[in-house]
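Q: the amino acid sequence is not available; the structure is as follows:
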């Protein structure tokens, strides 16, 4: 059950992730997406915000040409 929730959360986080123009925008967008996914799967909202924020910032830095 936990593994399927984690997979669903990861897929949703990837789908919701979007780049902002600045570091702060990227972190805020990622935090919002992470919190939303955590709420849907019943996980810790604060942890979802932190993970989503970090994931979106890293994604935007690594793949800036696709944003």
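A: It's in. Given the structure is predicted, the values throughout are model-derived calculations rather than measurements.

Q: alpha carbons only for contacts and neighbour counts from here, please
A: Will do.

Q: what mean pLDDT does stretch 55-67 get?
A: Rounded to a whole number, the mean pLDDT of stretch 55-67 is 82.

Q: start the count at 733 instead of 1 going forward.
A: That works, and once the first residue is 733, the last one we named lands at stretch 787-799.

Q: in it, what counts as buried?
A: 787-789, 791-792 (16 or more other Cα atoms under 10 Å).

Q: next step: those residues restricted to helices.
A: In helices, defined here by DSSP state H, the members of those are 787-789, 791-792.

Q: save the buried residues of stretch 787-799 as TSV, and put in distance to residue 777 too.
A: Supplementary listing: the buried residues of stretch 787-799 in TSV, determined by distance: Cα to Cα, whole Å:
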residue	distance to residue 777
787	15
788	16
789	18
791	21
792	22
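
Q: find the pair from those with maximum spatial separation.
A: Farthest pair in the buried residues of stretch 787-799 (Cα to Cα) is 787 and 792. Separation: 8.5 Å.

Q: quick revisit: which among the ones in helices among the buried residues of stretch 787-799 gets closest to residue 761?
A: Using Cα to Cα, these come closest to residue 761 at residue 788, 7.5 Å.

Q: so where does the residue positioned nearest the centre of the chain fall, helix or strand?
A: When Cα atoms, centre = their mean is applied to the chain, the residue found nearest the centroid is residue 784 (2.8 Å). Assigned by DSSP states H and E, residue 784 belongs to helix 777-794.

Q: ok, back up a step: so the residue nearest to the centre of the chain sits against residue 762, correct?
A: Yes - Residue 784 is within contact range of residue 762, at 4.5 Å (criterion: Cα atoms under 8 Å).
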